[in-house]
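A.B. asks: Next input, structure requested:
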Amino acid sequence: MRARIYRPTKTAMQSGRTKARTWTLDYEPASARRPEPLMGWVAAADTSQQVRLSFDSEAEAVAYAERHKIDYVVLRPRERKIRPKVYADNFSTNRKFSWTH
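C.D. replies: Purely as a prediction, here's the structure:
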């Protein structure tokens with residue numbers, strides 16, 4: 001079995017980043033999914049894809065994977081660049097572009 005360790009991105013439905021601080025370990029699919037002949041739903045023989053573990057840090061997730069002898073890949077997130085913006089800059093006299101409605 002092979003697992004991915006990553007920090008999930010924040011959802012578009014929220015402005016906070018609280019849930020994006022945890023690290024997640026989930027298993028890569030061992031076999032391809034196929035349509036079930038009776039109902040047409042997508043089925044998989046591997047149920048390990050349903051397991052998703054959360055950890056407070058990357059080190060805890062890596063320690064868990066090594067303790068249980070799970071091959072893993074760590075996907076590190078890109079850090080976002082915060083560009084500070086000031087509302088008063090809209091009314092500055094030395095603006096680069098003219099401000100019109």
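
A.B. asks: For Gly16, give me its contacts.
C.D. replies: Gly16 makes contacts with Lys10, as judged by CB atoms under 8 Å, 6 or more residues apart in numbering. Glycine gets a C-beta too; all of them are placed from N, C-alpha and C.

A.B. asks: Can you list the low-confidence ranges for the chain?
C.D. replies: 14, 98-101 (pLDDT under 70).

A.B. asks: okay, now the spatially closest residue to Val42 that is not a sequence neighbour: neighbour count?
C.D. replies: Take Val42 and drop its neighbours on the chain: the residue closest to it by CB to CB, 6 or more residues apart in numbering is Arg33, 5.0 Å away. The number of residues packed near Arg33 is 13, by other CB atoms under 10 Å.

A.B. asks: and if you look at the one 4 residues further on?
C.D. replies: With neighbours defined by other CB under 10 Å, the count for Pro37 comes to 7.

A.B. asks: and what of the one 4 residues further on?
C.D. replies: Other residues within reach of Trp41, judged by other CB under 10 Å, total 8.

A.B. asks: Relative to Thr47, how far out is the nearest residue to it once chain neighbours are set aside?
C.D. replies: Among residues not flanking Trp41 along the chain, Pro35 sits closest, at 7.1 Å (CB to CB, 6+ apart). Using CB to CB, to the nearest Å, Pro35 is found at 18 Å from Thr47.

A.B. asks: cool, Pro8 as well?
C.D. replies: 21 Å.

A.B. asks: With neighbour numbers in mind, choose between those two.
C.D. replies: Pro8 (15 against 9).

A.B. asks: Where do the helices of the protein begin and end?
C.D. replies: 58-67 (DSSP state H).
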